[in-house]
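> give me a 3D structure for the following:
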Amino acid sequence: MTPPLLAVHGWGFDAGFWLPVLERLPDFRGDCIDMGFYGQPKRPKVPRPLILAHSMGLAWALAHIPRPWAGVFAVNAFPRFTRSPTFVEGVPPRLIERMLARFDETPAQVTADFLTRCGLDNPDTSAIDAAPLKDELAWLARCDERTALRMLPCPVLALAGTSDPIVPQGMSTASFAPDTLTLVDGAGHLLPLTHPDWVAAQIRLFAARLEA
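Okay, here's the model as predicted:
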């Protein structure tokens, strides 16, 4: 039987982020995490799920969702985001420090600027809940779930874009084993939105491997 899906969005988004992909998988069971950036948070308990994680959603899932998992399907994702002596492919910590420095005065604008950089046109951030966004942004600056990813006893498949402005190609190749990573030439940070048919097809193929 196909494992149930549990979809996790990244910073600045909500549970609706995965909808274009999930609409193409009507025969799959599952649910979505919502971190509460635009309303009430939602953290459903799904037994032995196939985790679908976008961007920060992978590190968040590794830190917060209990095992066992059937598998991990990571898109534009990473287990650590910021640069360190042991992770030189990360982004400079000052990028998040600058966002945090502006956040208290202009949370909607900081969030809109980030979503625009991700690739969204005219994002509406008028209904954000600033508190959880700030908390998770601060956590993003310090999270390091690389060991948790390496220790997972379940299959992992990662998709990334070679033109991702948030997760550079070098970060993707440093985060995942070569035989688990597929790079999409010219693609950006929003593969579930820009390539929903292809992403859904990859989920079907990966889930079939888990059933075998």
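
> mind listing the strands for this structure?
Ranges of strands in the chain, per DSSP state E, are 5-8, 30-32, 50-54, 71-75, 156-161, 181-184.

> how far away from the center of its chain is the fifth one?
Think strand 156-161. Relative to its chain's centre, strand 156-161 lies at 11 Å (Cα atoms, centre = their mean, to the nearest Å).

> quick one, it and strand 50-54 angle?
Orientation of strand 156-161 against strand 50-54 (axes from the mean of the first three to the mean of the last three Cα atoms, to 10 degrees) gives an angle of 20 degrees.

> give me the low-pLDDT residue ranges for this structure?
212 (pLDDT under 70).

> check the gap between the residue nearest to the spatial centre of it and residue 86 for me.
In the chain, the centroid-proximal residue (Cα atoms, centre = their mean) is residue 54; its distance is 2.1 Å. Relative to residue 86, residue 54 is positioned 25 Å away (Cβ to Cβ, to the nearest Å). Every C-beta, even on glycine, is put in place using the N, C-alpha and C of the backbone.

> count the residues that sit near residue 25.
Close neighbours of residue 25, defined as other Cβ atoms under 10 Å, add up to 19.

> dump the residue contacts of it.
Residue 25 makes contacts with 5, 200, 203-204, as judged by Cβ atoms under 8 Å, 6 or more residues apart in numbering.

> mind checking which of the residues you listed are buried?
Among the contacts of residue 25, those buried by neighbour count (16 or more other Cβ atoms under 10 Å) are 5, 200, 203.

> wait, doesn't the last one sit right on residue 21?
In other words, residue 203. Yes. Using Cβ atoms under 8 Å, residue 203 is in contact with residue 21, at 7.1 Å.

> shared neighbours of those two, anything?
Between them, residue 203 and residue 21 share the contacting residues residue 52, judged by Cβ under 8 Å, 6+ apart.
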